[in-house]
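Participant: 3D model of this:
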Amino acid sequence: MTNSLSKHFGTDASLEPKELKLISDYLAKEGNNRGQKVYESISAQEWFVKEHRELPKKYVTQPAVKSWANCAACHTKAANGDYRERNIVVPGYGRWKD
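Facilitator: Model prediction:
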């Protein structure tokens with residue numbers, strides 16, 4: 001994830017080289033210190049897969065959403081940290097009802 005900070009969920013989160021090295025070194029040393037699984041992306045994490053298991057792939061791959069990384073496309077209050085189901089609206093399909 002630290003290798004693509006210029007495109008971090010649609011935001012440029014780039015760091016100065018010194019800061020990036022410090023964080024990268026820390027993550028390499030301590031990132032999996034608790035015996036937890038290491039995932040390539042948030043969308044590969046077990047809780048994420050479970051929460052999105054019923055969502056048809058066509059909803060995510062459509063042009064208005066593009067990928068799992070575009071949380072705000074469906075989670076209308078994501079900018080406020082609110083991911084509750086009642087605030088999910090899938091573009092072109094409407095309100096999500098689980």
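
Participant: export whichever helix in the chain runs longest as PDB, just CAs?
Facilitator: Ranked by residue count under DSSP state H, the longest helix found in the chain is helix 17-30. Presented in PDB, the C-alpha positions along helix 17-30 are these (Å, rounded to 0.1, in the frame of the first residue of the first chain):
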ATOM      1  CA  PRO A  17      11.100   9.800   1.100                       C
ATOM      2  CA  LYS A  18      12.400  10.000   4.700                       C
ATOM      3  CA  GLU A  19       8.900   9.600   6.200                       C
ATOM      4  CA  LEU A  20       8.000   6.800   3.700                       C
ATOM      5  CA  LYS A  21      11.200   4.800   4.700                       C
ATOM      6  CA  LEU A  22      10.400   5.200   8.400                       C
ATOM      7  CA  ILE A  23       6.900   4.000   8.000                       C
ATOM      8  CA  SER A  24       7.800   1.200   5.500                       C
ATOM      9  CA  ASP A  25      10.500  -0.100   7.900                       C
ATOM     10  CA  TYR A  26       8.100  -0.100  10.800                       C
ATOM     11  CA  LEU A  27       5.500  -1.900   8.800                       C
ATOM     12  CA  ALA A  28       8.000  -4.500   7.600                       C
ATOM     13  CA  LYS A  29       9.100  -5.100  11.200                       C
ATOM     14  CA  GLU A  30       5.900  -4.900  13.100                       C
END
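
Participant: buried residues, the helix or strand of the chain with the lowest mean pLDDT. List them.
Facilitator: Across the helices and strands of the chain, mean pLDDT, DSSP states H and E gives its lowest value to helix 17-30, namely a mean of 83. Residues of helix 17-30 include none that count as buried (16 or more other CB atoms under 10 Å). For glycine as for every other residue, the C-beta is placed from the backbone atoms N, C-alpha and C.
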